[in-house]
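Q: Got a sequence here, can you build the structure:
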Amino acid sequence: MRSFSIATIITIAVLALSAGSASAALNVGIEDEDVFLNNNSTVDPEAGYAMLDDLGIKTMRVLITQKSVQDGSGFDFSKYTAFLQVAKFHGVDVQVVLVGNHPRVNVSSFRRFAGAAAEALKGGVTFYSIWNEPNLNQWIRGSNKGATYRKLYTAGYQAIKSSDPSAKVLIGETSPNGTKGISPLKFIRQLACVDEKYRPLRGKRCPKLKSNGYAHHPYAFGVSPRRSDQGPDNATIGTLRNLTRALKKTRRQIAGTSGIYLTEFGYLATKSRGLPEGRRAAYLKQGYAIARHTRGVKEMVQYLLVQPPRRGSTFTTGVVSAAGDPLPSYSALKASVG
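A: The predicted model follows:
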């Protein structure tokens, strides 16, 4: 039997601890408003919660648009407060994405919406996120989207904190590339008021932003996670290092982004970038493994649970068939929880 010195044993222990810190616990969540909120799925909410229990998932992401709750000059959140009670009964935590009227944004209108949301949902939400994929044209118009988002985020953050001082707020919610907008890293530089070398822009007044983490969608449709490099300014599941480096360089301008929340992820089953089910399952499992071993990543959310029943749907990323049968991707997701 080989003998080890005390120094060697200590070294091995240190390496083991280091490896553990890089592969810390990853919280796995789900998003599927059609199942749990809108009754637009072949799977009803109770069956959906039973699936979450089987998967071991205790976190749900929900997107709330201003339009969906606008009631004259005020807002009606009763649909969502009722939903929060059901989710709590099933032991599921909820994080909420707030999106104002888009793509032409109104900062003051969004401020009122965000404050009303935090007041209505107080105590029932683990995280608020401000806007969705703000680096894309369909969500925010204009070339300097980061500057526009800075105004939205500042207004939303202040309104949420005013209504609920204990609330936690995520910044970002960026798309992985700039195909229909600007790249996520260019967006971060605009948001942080820095140039391409991450140096502060002269003559630009940008007060420091506060957050409780950075939210991002590392989709990489049609290719394996490890082959998803789309360029140095993009950040797919295979190039999360691009994102972590950019956030590290902008911590003086954007506080709290050491924690990264991957709030949408999945692989398509149909259309040009759709994959055979076996490959979808394999890629999904690889993606979650990468997230788990990327330092700073706290969470990954599967978008969607159930495949849409409508033909021609854009997002066919569900792990359960439209008929309600678990797919191989379901097993891959279950193996990735914990």
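Q: and the residue nearest to Leu333 when sequence neighbours are not counted, what is it in contact with?
A: For Leu333, ignoring the flanking residues on the chain, the nearest one in space by C-beta to C-beta, 6 or more residues apart in numbering is Val319 at 5.2 Å. Using the backbone N, CA and C atoms, a C-beta is placed for each residue, glycine as well. Remark: with contacts taken as C-beta atoms under 8 Å, 6 or more residues apart in numbering, Val319 is in contact with 266, 284, 302, 304-305, 326-327, 329-330, 332-333.
Q: got the buried residues for the helix or strand where Phe110 lies?
A: Assessed by DSSP states H and E, Phe110 sits inside helix 107-121. Going by neighbour count (16 or more other C-beta atoms under 10 Å), the buried part of helix 107-121 is 110-118, 120-121.
Q: Any chance of CSV for these, columns distance to Ala220 and pLDDT?
A: As requested, the buried residues of helix 107-121 are exported to CSV (distance: C-beta to C-beta, whole Å; pLDDT from 0 to 100):
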residue, distance to Ala220, pLDDT
Phe110, 30, 98
Arg111, 35, 98
Arg112, 37, 98
Phe113, 32, 98
Ala114, 31, 98
Gly115, 36, 98
Ala116, 36, 98
Ala117, 31, 98
Ala118, 33, 98
Ala120, 36, 98
Leu121, 32, 98
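Q: Any chance of those residues in a markdown table with distance to Leu201 as columns?
A: Supplementary listing: the buried residues of helix 107-121 in a markdown table, determined by distance: C-beta to C-beta, whole Å:
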| residue | distance to Leu201 |
| --- | --- |
| Phe110 | 25 |
| Arg111 | 26 |
| Arg112 | 31 |
| Phe113 | 30 |
| Ala114 | 27 |
| Gly115 | 30 |
| Ala116 | 34 |
| Ala117 | 32 |
| Ala118 | 32 |
| Ala120 | 38 |
| Leu121 | 36 |
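Q: State the pLDDT value of Ile6.
A: The model reports Ile6 with a pLDDT of 39.
Q: Next: Thr11.
A: At Thr11, the predicted lDDT confidence score is 33.
Q: circling back to that earlier point, I'd like the mean pLDDT over whichever helix or strand comes after the helix holding Phe110, please.
A: If you walk from helix 107-121 toward the C-terminus, the next helix or strand you reach (DSSP H and E) is strand 128-130. The average of the pLDDT scores along strand 128-130 is 98.
Q: mind listing the strands for this protein?
A: Counting by DSSP state E, one finds strands in the chain at the ranges 27-31, 59-65, 70-71, 74-75, 93-99, 128-130, 169-174, 214-216, 260-265, 297-303.
Q: Serialize these to JSON lines and add fields for mean neighbour count and distance to Thr314.
A: Output for those, formatted as JSON lines (neighbours: other C-beta atoms under 10 Å; distance: least, C-beta to C-beta, whole Å):
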{"stretch": "strand 27-31", "mean neighbour count": "22", "distance to Thr314": "15"}
{"stretch": "strand 59-65", "mean neighbour count": "20", "distance to Thr314": "15"}
{"stretch": "strand 70-71", "mean neighbour count": "12", "distance to Thr314": "25"}
{"stretch": "strand 74-75", "mean neighbour count": "14", "distance to Thr314": "28"}
{"stretch": "strand 93-99", "mean neighbour count": "22", "distance to Thr314": "17"}
{"stretch": "strand 128-130", "mean neighbour count": "26", "distance to Thr314": "21"}
{"stretch": "strand 169-174", "mean neighbour count": "27", "distance to Thr314": "18"}
{"stretch": "strand 214-216", "mean neighbour count": "28", "distance to Thr314": "20"}
{"stretch": "strand 260-265", "mean neighbour count": "26", "distance to Thr314": "13"}
{"stretch": "strand 297-303", "mean neighbour count": "22", "distance to Thr314": "12"}
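Q: nearest residue to Arg241 other than its sequence neighbours?
A: Of all residues beyond its chain neighbours, the one nearest Arg241 is Thr294 (7.8 Å), with distances taken as C-beta to C-beta, 6+ apart.
Q: these two touch, right, that neighbour and Thr244?
A: Yes. Taking contact to mean C-beta atoms under 8 Å, the distance of 7.1 Å between Thr294 and Thr244 places them in contact.
Q: Helices along this protein, start to end?
A: Shown for the chain, the helices assigned by DSSP state H span residues 6-22, 33-36, 45-55, 66-69, 78-89, 107-121, 145-163, 184-192, 240-249, 277-292, 328-336.
Q: Now do the third one: which elements does it pack against?
A: Helix 45-55 is packed against strand 27-31, helix 33-36, helix 328-336, with contacts defined by 3 or more C-beta pairs under 8 Å, 6 or more residues apart in numbering; DSSP states H and E.
Q: which residues touch it?
A: For helix 45-55, using C-beta under 8 Å, 6+ apart, the contacting residues are 28, 30, 32, 35-36, 39, 41, 43, 58, 60, 86, 90, 92, 305-306, 320, 324, 326, 330, 333-334, 337.
Q: And the last one, by the same measure?
A: Counting contacts by C-beta under 8 Å, 6+ apart, the residues outside helix 328-336 that touch it are 26, 28, 51, 54-56, 267, 277-278, 280-282, 284-285, 288-289, 292, 300, 302, 318-320.
Q: Return the set of buried residues in that helix.
A: By neighbour count with 16+ other C-beta under 10 Å, helix 328-336 contains the buried residues 328-330, 332-334, 336.
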